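Colleague: Dropping a prediction and its sequence here:
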Amino acid sequence: MWHFRLWEIQDVAVFLSIMLYMCHLAGAISIYSPQRSLIRSVQDDVIFSVNFTCSGIPNIQWTFMSGLVSRTIGAWQPGGYTNITEDYSSRVQAYDNGSMGLSDLRLQDGGFYVVTITESTGSSKDFGFVLKVNENDVTELQIMNV
């Protein structure tokens, strides 16, 4: 004859706690942006807008990639330190929500931008943007001034 043991309330609570913790670890970081493909003109400004959720204190890092070029733009923590590389120091605005502003665009700024959110636990997630930078056409500027 089979004997089944019904779970007691404490057993169920422990099981659910473990399951919730495992689900939390699996989806610890989420990143969202309303627009991942951006088109701007030379000398314009752009904001790479993101929102993220995570448990713990995040480290936010932005990287630029184009062709064979890959370089770090900077890293920061909300309310904490900010470390922007010298190449970008006068043109980057770091935001606590993970967003990044880049001013006075140049043609060579066109490319792929990646934000990496890393938690103190070591888990991380990447999120990418494509930026196309167009030249200002002299004719277009003359029409706008008329």
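Modeller: Alright, I've got the coordinates. Since this is a predicted model, take the numbers as computed values, not measurements.
Colleague: Now for the spatially closest residue to residue 38 that is not a sequence neighbour, how many residues are close by?
Modeller: The shortest distance from residue 38 to any non-neighbouring residue, by C-beta to C-beta, 6 or more residues apart in numbering, is to residue 131 (5.0 Å). Glycine gets a C-beta too; all of them are placed from N, C-alpha and C. Residue 131 is flanked by 20 other residues according to other C-beta atoms under 10 Å.
Colleague: so which strand or helix has residue 131?
Modeller: Per DSSP states H and E: residue 131 is located in strand 124-134.
Colleague: Just checking: what are the partner strands of that strand?
Modeller: If you go by DSSP bridges, strand 124-134 pairs up with strand 37-41 (parallel), strand 111-118 (antiparallel).
Colleague: Okay, now the unreliable bits of the protein?
Modeller: Scanning the chain for pLDDT under 70 picks out 1-27, 137-146.
Colleague: centroid residue for it?
Modeller: The residue lying closest to the centre of the chain (C-alpha atoms, centre = their mean) is residue 115, at 3.5 Å.
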